[in-house]
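1. Predicted coordinates and the sequence they were generated for:
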Amino acid sequence: MTVNVEIDGEIAIVTIENPPVNALSGTVRQRLLALADALDGDPNVRAVVLTGAGKLFVAGADIAEFDRPPEPPFLPDVVARIEAAAKPWIAAIRGAALGGGLELALGCRFRVATASARFALPEINLGIIPGAGGTQRLPRVVGVTEAIRIVAENHSPDGREALRLGLVDTLVDEPLVPGAVAFARAVVGQALSPTSIERVVPAPAANVWTEAEARITASARGAAAPPQALQALKHGIEHGVEAGLALERSTFLALRATEEAAALRHLFFAERAALRPAELRALSPRPIETVGVVGGGTMGSGIAAALLNAGLSIVLIEQDEASVLRARSTLAGLFESSRRRGLMSDEVASEWMARLETSIGYGAAERCDLVIEAVFEDLAVKRSVFAELGRVCRPDAIHATNTSYIDPRLIADGLPGPERFLGLHFFSPAQVMKLLEIVPTPDTALDVLATGYDLARRLGKVPVRSGICDGFIGNRILRSYRTEAEALVCGGVDIAAVDAAMRAFGFAMGPFEMQDMAGLDIAYLYREAARARGMPVPDMPGDLLVRAGRKGQKTGGGWYDYAADDRRPKTSMDAQRIIAPLVGAKKEMAGEAIVSRLMATMAEEGHAILAEGIALGAADIDLVEVHGYGFPRKRGGPMFQAGRLGKT
Ligand code: 3H9
């Protein structure tokens, strides 16, 4: 049974039991509808407590059903039926009441909850809007202003705030159900208060709508759902609940069928699957509390900040006093900017600093459960770091390299404890970027690998396992993307046209703007090294720019020119003159054609990566692109795009 009923005197207790998250699948909806009829017809029952089994109430509609046409009974009808019940239904909420789960609770006459319960309508994150009355009932219960924040701005009140807002009628302690039953007994026999939908809410001042529209459109950055969620809410307030419900439902169904929503669902499931690879599920990760970070440059400091943020203790190892001071000041700068943006209080900042120890030399590494090396990208330097660590660290400590390109097998070769060694490749800025490429060597023990995944989970990162190849998954695709972008330029396509096409597709920056920001010299040095090894790497326009001293914004120009203190790119006649020997006759190319060329290149490289077993699945490649390289989330990733075009 997905929905169970128990009778306690005059009270029926209805428990949704549909693990793992009590999603409102077709079977659950059918059973709820049948129960609403049956309990209305049972003269011995005078009130109904509705709750969820396990740690949460209901996480919403069953998202896995969204790729199929909706099947009756539809959730709005179930909610309406419960709302129309002759007897009061009381939602008893612990954990989360999300999306359709909150809409179901709003259909109940009363709501009781634990103080730590969480309420949200996260539909906009899936590219849809609430589809079972959430945009209509919520404002009638909590008022328009608060409803806007919850429906269209991802605000998620806890039990205490929900009580203040009038979203719940009372807080109860655990055990939840007896508390809810006591509440139900107290309301039995009382005249029924208006249902959520019957309540009258005052229309807000006109500026509430205009300000919300401006705010939500700006923060949505092109996403369709948030402004439409607001429109449905507004429509119901201005034209009445029937009109509001109709618009909400038609918008929900239309958005559900979009490419954007399909892409976001794809990522939703991919992100969850990434955290729990099947082969590691039975393994216990090793306990990690103190982490050493070797190297306090931009990357090392960012990694340290990410670790501190997750509550771990850090030993940051540098080679001299000046480097320690620089690392401390980089970290202090990161805290300061978080504090300025209101993301971190003074107390939290000082608590962080208390967990940060800096050390000159390797002695302090003996206390570390894990040490992450983030030094200069040079094999000999990295090997000398691990040789030192091998002498100092406990024999069970895990050693990780943050290398982006060097084969981890070469780094670990001949050093003690190869089974405790793996690659943990962070992305800059490491305290922000969600991707963590996890690169085991053939010697890495499975519980060490499981510890890498557990660390990613604790850091709030998305782990993706990569096999060993030049650049792993992400940088390898980046290289082909850039190479193809340069090939377009060689074919006569305008630099700015390529960037504009990729921005229109949803990237924050085009490939040339991005190179100017990151610096052209890294890719250049990489190609030069390959040439030095005798590999036939032809000159590319970027090589000519670097040789002419144009390495990007840091040198005042690369593909574009930049005025001092202004990061806006300007067309550069100099750059065009420098690359002219490699550029063919000018060619107009439509933005869509540019995008599909670059998408095809990324997908092709992705297919090669899959065929070589470097990535475990196509969805992993999409996660790498979305969480490490700014691929627009609403597009799902290059492999998702290729699949939609029928190319997989
Ligand atoms: C909606 O409600 C539309 C309505 O307005 C209108 C309808 C008409 N469906 O995240 P976890 C799976 S839209 C199906 O790892 P946690 C998840 O894939 C919905 N499956 O656990 C995973 O599976 P697996 C609005 C779902 O404890 C497993 O459950 N609701 C759903 O870290 C565990 O998930 C949302 O957007 C679902 N709704 O976090 C809420 N939810 O084990 C989405 C989860 O095979 N869910 N799964 O990998 C969440 O935010 C988190 O999952 C939650 C638990 C906080 C609930």
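-> Received it, and whenever you're ready, just let me know what you need. Residues are numbered from 1 along each chain as shown.
2. Go through stretch 596-615 and flag the buried ones.
-> Of the residues in stretch 596-615, 597-607, 609-610, 614-615 count as buried by neighbour count, 16 or more other Cβ atoms under 10 Å. For glycine as for every other residue, the C-beta is placed from the backbone atoms N, C-alpha and C.
3. among those residues, which are in helices?
-> 597-607, 609-610 (DSSP state H).
4. ok, so of these, who is nearest the ligand?
-> residue 610 (21.1 Å; Cβ to the nearest ligand atom).
5. ok, that closest one touching residue 618?
-> Yes - between residue 610 and residue 618 there is a contact at 6.3 Å, judged by Cβ atoms under 8 Å.
6. How about the secondary structure of residue 358?
-> strand (DSSP: H, G, I helix; E, B strand; the rest coil).
7. Please tell me I have it right and residue 170 contacts residue 163.
-> Yes - counting by Cβ under 8 Å, residue 170 touches residue 163, with 7.2 Å between them.
8. Looking at those two now, which is surrounded by more residues?
-> Higher neighbour count among residue 170 and residue 163: residue 163, with 19 against 15, using other Cβ atoms under 10 Å.
9. tell me the pLDDT at that one?
-> pLDDT for residue 163: 98.
10. Quick check: closest non-adjacent residue to it.
-> residue 171 (5.6 Å; Cβ to Cβ, 6 or more residues apart in numbering).
11. Who are the packing partners of the lowest-mean-pLDDT helix or strand in the chain?
-> In the chain, the helix or strand scored least confidently by mean pLDDT, DSSP states H and E is helix 346-354, which has a mean of 83. In terms of contacts (3 or more Cβ pairs under 8 Å, 6 or more residues apart in numbering; DSSP states H and E), helix 346-354 is packed against helix 321-340.
12. Render the CA-only coordinates of the helix it packs on in CSV, please.
-> C-alpha atoms of helix 321-340 as CSV (Å, rounded to 0.1, in the frame of the first residue of the first chain):
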residue,chain,number,x,y,z
GLU,A,321,56.5,33.0,5.7
ALA,A,322,55.7,35.3,2.8
SER,A,323,53.6,32.6,1.1
VAL,A,324,51.7,31.8,4.3
LEU,A,325,50.9,35.5,4.7
ARG,A,326,49.7,35.7,1.1
ALA,A,327,47.5,32.7,1.6
ARG,A,328,46.0,34.1,4.8
SER,A,329,45.3,37.4,3.2
THR,A,330,43.7,35.6,0.2
LEU,A,331,41.4,33.7,2.6
ALA,A,332,40.7,36.8,4.6
GLY,A,333,39.7,38.6,1.4
LEU,A,334,37.3,35.8,0.6
PHE,A,335,35.7,36.0,4.0
GLU,A,336,35.5,39.8,3.7
SER,A,337,33.7,39.7,0.4
SER,A,338,31.2,37.1,1.8
ARG,A,339,30.7,39.4,4.8
ARG,A,340,30.2,42.4,2.6
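13. Rounded mean pLDDT for it, please.
-> On average, helix 321-340 scores 88.
14. What residues of it count as buried?
-> 323, 324, 327, 328, 330, 331, 334, 335, 338.
15. How about stretch 342-353?
-> In stretch 342-353, counting by 16+ other Cβ under 10 Å, buried: 344, 349, 352.
16. so where's the protein shaky on pLDDT?
-> Where the chain drops to pLDDT under 70, the residues are 645-648.
17. Going along the chain, name the strands of the stretch 401-550 of the chain.
-> Using DSSP state E, counting those that start in this stretch, the strands of the stretch 401-550 of the chain run over 421-426, 435-440, 462-465.
18. Residue 28: which of those strands is closest?
-> strand 462-465 (29.5 Å; Cβ to Cβ).
19. what about the closest one, near the ligand?
-> No - Strand 462-465 stays clear of the ligand (Cβ under 6 Å from any ligand atom), getting no nearer than 12.2 Å.
20. I'd like to know which elements that strand is packed against.
-> helix 259-275, strand 435-440, helix 446-459, helix 618-628.
21. which residues are in contact with it?
-> For strand 462-465, contacts defined as Cβ atoms under 8 Å, 6 or more residues apart in numbering pick out 271, 274-275, 277, 434-440, 449, 452-453, 456-457, 473, 615-616, 620, 623-624, 627.
22. Extract the CA atoms of it and return them as CSV.
-> Written as CSV, here are the backbone C-alpha positions of strand 462-465 (Å, rounded to 0.1, in the frame of the first residue of the first chain):
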residue,chain,number,x,y,z
VAL,A,462,28.8,17.5,-7.6
PRO,A,463,31.3,14.6,-8.0
VAL,A,464,32.0,13.1,-11.4
ARG,A,465,34.4,10.2,-11.8
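23. In the stretch 151-300 of the chain, what residue comes closest to the ligand?
-> For the stretch 151-300 of the chain, Cβ to the nearest ligand atom, closest residue to the ligand: residue 272, 4.0 Å.
24. How about the contacts made by that residue?
-> Under the criterion of Cβ under 8 Å, 6+ apart, residue 272 has no neighbours.
25. again, only this time at 10 Å
-> residue 462 (Cβ atoms under 10 Å, 6 or more residues apart in numbering).
26. correct me, but residue 570 touches residue 553?
-> No - contact criterion Cβ atoms under 10 Å: residue 570 and residue 553 do not qualify, at 11.8 Å.
27. hey, what's in contact with both of these two?
-> By Cβ under 10 Å, 6+ apart, the residues touching both residue 570 and residue 553 are 560, 562.
28. Which one of the two is surrounded by more residues?
-> residue 553 (18 against 12).
29. Check the contact between the more buried one and residue 521; I expect there is one.
-> No - under the criterion of Cβ under 10 Å, residue 553 is not in contact with residue 521, lying 11.9 Å apart.
30. Need the residues touching each of the two.
-> residue 515.
31. Next, the angle from the least confident helix or strand of the chain to helix 321-340.
-> 160 degrees (axes from the mean of the first three to the mean of the last three Cα atoms, to 10 degrees).
32. And the contacts of helix 346-354?
-> Against helix 346-354 from outside (Cβ under 10 Å, 6+ apart): 304-305, 308-309, 311, 313-314, 328, 331-332, 334-336, 338-339, 344-345.
33. same thing but 7 Å
-> For helix 346-354, contacts defined as Cβ atoms under 7 Å, 6 or more residues apart in numbering pick out 308, 335, 339.
34. can you list the residues of the protein near the ligand?
-> 20-21, 23, 59-64, 75, 96, 98-100, 103, 122-123, 126, 130-132, 134, 269, 272-273.
35. now the residues you listed: which count as buried?
-> 21, 23, 59-63, 75, 96, 98-100, 103, 122-123, 126, 130-132, 134.
36. filter the contacts of strand 462-465 to the buried ones?
-> The neighbour-count test (16+ other Cβ under 10 Å) marks 271, 274, 277, 434-440, 449, 452-453, 456-457, 473, 615-616, 620, 623-624, 627 as buried among the contacts of strand 462-465.
37. what number of residues lie near residue 571?
-> Going by other Cβ under 10 Å, the residues that sit close to residue 571 add up to 12.
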